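J.: Provide a 3D model corresponding to the input given below.
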Amino acid sequence: MSVPLKERLPKPPWAQPNHDNVCRPISLSGIPTHAAPIRLGARGHPNSCTRRVSPFPMRSILIVTRHTPLPWDDGAGAYLHDIASYLARGGFRVQVLWLAPHDHIRWKKIWRRPDDFDRKIKLHLPGAIRLGSWYLFPAVLWLPFQARTKDRIKRLLAKLGFRTPSRPVTAQNKRASAPPSTGWMSPPTESENALVEKVAERESPDVVVACYAWLCPIFQLRPLQKKVHVCLTYDVAWKRAALQAKNRGETSLPEITRSDESRWLETADLLIAISSADADEFRLYSAANVVVAPKAFLAQAGEFPVNTQRLLFVGSGNSFNVDGLNWFLERVWPRVRAHLPDLILDVCGSIGEAIASRPSGVIFHGRVSDLKPFYHRSGIVIVPLLEATGLNIKLVEAAAHGCAIVATPAPLEGAHFLEEAVIEAHDEISFADAVRRLVENPGERKTVANRCLTAVRDHLSPATCYSPLVTILSESRHIETSRMQSV
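T.: Numbers count the residues shown, from 1 in each chain. Take a look at the predicted model:
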């Protein structure tokens, strides 16, 4: 029996076995991607379906997110933009529906999408009219004008002796007029669902990607029911919720539980995990297929700073960053400064708004447009997080810039490939000793920095991280869905 030509061809490098499980290409059905038919969503429940492959490629992907897709905002935004950009340059028509744009963008009335946002990605903003890279928010212009006009008419009628009826203010109509409060980890609201339906009907995507598990209920919307359903998980959300609840107090309940996340993820055909550890967790309670796609980075070391008296911390104001930096400033920084009184700690990012302490020698820079000068000037980056989930983006970003890194164990749980590269410190004494040793010993600092660069080159190139995802979506061509018959 002759062997098909496709099976005789050698596999490309990214499809070879990857024993460290950093980025493993899989098919949506768990069988070779060239085989057909494939079955998606066949989990034994009434809504399961069988999907067959036809030779027409999928071209359109709709990504739905509450979180910012702007790469300069934070690590999660950079990760989302990276994936969208790689898919767009891999032949897909990629659109991002941002459900909750920043208020300051809307209140500008006219906002220009910055050049750093990939022009191949079509960005949808609620209530905006898009004109190329410009977005016009007519409601911001019209509603104040409407309110002023109504007020002038009311005042004019009052001068003429006419009384305008006024609605009595009661607690009931106050509640009715107030927008419903939506937790960050809550399922989509009615207005969000309506917005997704509107865009999906107009754009008719082949694939829909929900960012975070709690947006997976959009898969049940009528225009999206026969699409390929993908969830970009970022991290194991129920673990993050449990840690945040613990930090708030003993009686605080987490926003979501493991059963919540499992129920949402069960509606997905494919889960994108940011680390192999997260992928292993998802496989324990979800029947969906999983592909590992870490945040990609290109190694870009600058000139090595031989003499440095500066450390660097970069992070947003999330609770894990805040707790970790507070611990460092309270328990580690005094020990370090006792031996190195001229040492400076630069802190970049929105975390500065959440830190009350301002010790001597610590400079808070807030959000900065370009971190490269800080990475290259400091040479030593600290990641003192006591708790973490997923892949810590700023940890691997520092490694990609050729910095020597001192980190606690928590952020390394999602980045095992860096465990042998960075210096791991388990308490305040070992952390302070590691920082002092790197500052005083340029040779050791350069060795640690080179190990970090090597780890990034080996594990985090864009092709290594994102090619398996592109392959899966490319091989899972045009999908025709039919209800499974009961057995």
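J.: H339 reaches R437, doesn't it?
T.: No. Counting by C-beta atoms under 8 Å, R437 is not a contact partner of H339; they are 10.4 Å apart. Quick note: C-beta positions are derived from backbone N, CA and C, even for glycine.
J.: any idea how far G183 is from R155?
T.: Remark: distance between G183 and R155 (C-beta to C-beta, to the nearest Å) = 41 Å.
J.: er, T251 I mean
T.: Using C-beta to C-beta, T251 is found at 52 Å from R155.
J.: the two: which is more packed in?
T.: R155 (11 against 6; other C-beta atoms under 10 Å).
J.: quickly find the element holding the more buried one.
T.: R155 is located in helix 138-159, with elements delineated by DSSP states H and E.
J.: how close does the residue lying closest to R119 once chain neighbours are set aside sit to W111?
T.: If the residues on either side of it in the chain are set aside, R119 comes closest to S133, at 7.2 Å by C-beta to C-beta, 6 or more residues apart in numbering. S133 sits at a distance of 9 Å from W111 (criterion: C-beta to C-beta).
J.: more neighbours: the two, which one.
T.: A direct count of neighbours by other C-beta under 10 Å for S133 and W111 places W111 higher, at 19 against 13.
J.: can you pull the contacts of that one?
T.: 105, 128, 134-135, 137 (C-beta atoms under 8 Å, 6 or more residues apart in numbering).
J.: does the residue located most distally from the centre of the chain count as helix, strand or coil?
T.: Largest separation from the mean C-alpha position in the chain: G161, at 58.8 Å (C-alpha atoms, centre = their mean). Following DSSP: H, G, I helix; E, B strand; the rest coil, we place G161 in the coil state.
J.: wait, what's in contact with it?
T.: Contacts of G161 (C-beta under 8 Å, 6+ apart): none.
J.: center of this protein, which residue is that?
T.: Short answer for the chain (C-alpha atoms, centre = their mean): A76, at 2.9 Å.
J.: contact partners of whichever strand or helix holds that residue?
T.: Element membership of A76 [criterion: DSSP H and E] is helix 75-88. Helix 75-88 has contacts (C-beta under 8 Å, 6+ apart) with 61, 63, 65, 67-72, 94, 96, 117-118, 120-121, 211, 232, 234, 272, 274, 293, 295-296, 316, 392-394, 397, 462, 466, 469-470, 473.
J.: switch to 7 Å and redo it
T.: 61, 63, 65, 67-71, 94, 96, 118, 120-121, 211, 232, 234, 293, 295-296, 393-394, 462, 466, 470 (C-beta atoms under 7 Å, 6 or more residues apart in numbering).
J.: name the helices or strands packed onto the helix or strand following that helix?
T.: Heading C-terminal from helix 75-88, the first helix or strand you meet, by DSSP H and E, is strand 93-98. Judged by 3 or more C-beta pairs under 7 Å, 6 or more residues apart in numbering; DSSP states H and E, the packing partners of strand 93-98 are strand 60-65, helix 75-88, strand 121-124, helix 190-203.
J.: can you give me the mean pLDDT across strand 93-98?
T.: For strand 93-98, mean pLDDT is 96.
J.: give the pairing partners of that strand; include direction for each.
T.: strand 60-65 (parallel), strand 121-124 (parallel) (DSSP bridges).
J.: just name the most buried of those strands.
T.: Mean neighbours per residue, mean count of other C-beta atoms under 10 Å, is largest over the strands paired with strand 93-98 for strand 60-65, with a mean of 24.
J.: so that one versus helix 75-88, what angle?
T.: Interaxial angle, strand 60-65 versus helix 75-88 (axes from the mean of the first three to the mean of the last three C-alpha atoms, to 10 degrees): 180 degrees.
J.: tell me how far strand 60-65 lies from the chain's centre.
T.: Computed by C-alpha atoms, centre = their mean, to the nearest Å, the chain-centroid distance of strand 60-65 equals 14 Å.
J.: what does it contact?
T.: Contacts to strand 60-65, defined as C-beta under 7 Å, 6+ apart, come from residues 80, 84, 87, 92-99, 196, 199-200, 203, 205-211, 215, 218.
J.: how about stretch 185-194?
T.: Against stretch 185-194 from outside (C-beta under 7 Å, 6+ apart): 99, 180, 182, 214-215, 217-218, 221, 237, 241, 255-256.
J.: residue ranges with poor pLDDT in the stretch 51-200 of the chain?
T.: 51-58, 141-149, 151, 157, 163-182 (pLDDT under 70).
J.: now do 80
T.: For the stretch 51-200 of the chain, the stretches flagged by pLDDT under 80 are 51-58, 139-184.
J.: with the stretch 301-450 of the chain instead?
T.: 301-308, 379, 390.
J.: what segments of it are helices?
T.: In the stretch 301-450 of the chain, the segments counted as helices under DSSP state H, counting those that start in this stretch are 319-327, 333-339, 372-378, 393-400, 409-412, 428-440, 442-459.
J.: returning to that earlier point: can you add distance to G366 and give the helices and strands packed on strand 93-98 back as TSV?
T.: Listed next are the helices and strands packed on strand 93-98 as TSV, based on distance: least, C-beta to C-beta, whole Å:
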stretch	distance to G366
strand 60-65	24
helix 75-88	16
strand 121-124	25
helix 190-203	31
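J.: tell me which of the ones you listed lies nearest to R331.
T.: Checking those against R331 by C-beta to C-beta gives helix 75-88 as the closest, at 24.9 Å.
J.: run the chain-centre distance for the closest one.
T.: Worked out by C-alpha atoms, centre = their mean, helix 75-88 lies 8 Å from the chain centre.
J.: same deal with stretch 348-355?
T.: Per C-alpha atoms, centre = their mean, the centroid offset for stretch 348-355 relative to its chain is 19 Å.
J.: got a list of contacts for that stretch?
T.: 314-317, 321-322, 325-326, 364-368, 371, 374.
J.: would you mind checking those residues for buried ones?
T.: 314-316, 321-322, 325-326, 371, 374 (16 or more other C-beta atoms under 10 Å).
J.: format the residues you listed as a markdown table; extra columns: distance to K150.
T.: Output for the buried ones among the contacts of stretch 348-355, formatted as a markdown table (distance: C-beta to C-beta, whole Å):
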| residue | distance to K150 |
| --- | --- |
| V314 | 48 |
| G315 | 46 |
| S316 | 41 |
| N321 | 46 |
| V322 | 44 |
| L325 | 49 |
| N326 | 49 |
| L371 | 48 |
| F374 | 51 |
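J.: out of those residues, give me the two with the largest separation.
T.: Maximum distance among the buried ones among the contacts of stretch 348-355 (C-beta to C-beta): 21.8 Å, for N326 and L371.
J.: quick check: phi and psi at the residue nearest to R119.
T.: Main-chain torsions, S133, degrees, to the nearest 10: phi -90, psi 10.
J.: any idea how far P188 is from the nearest residue to P126 once chain neighbours are set aside?
T.: Excluding the flanking residues, the one nearest P126 by C-beta to C-beta, 6+ apart is L195, at 5.7 Å. Relative to P188, L195 is positioned 9 Å away (C-beta to C-beta).
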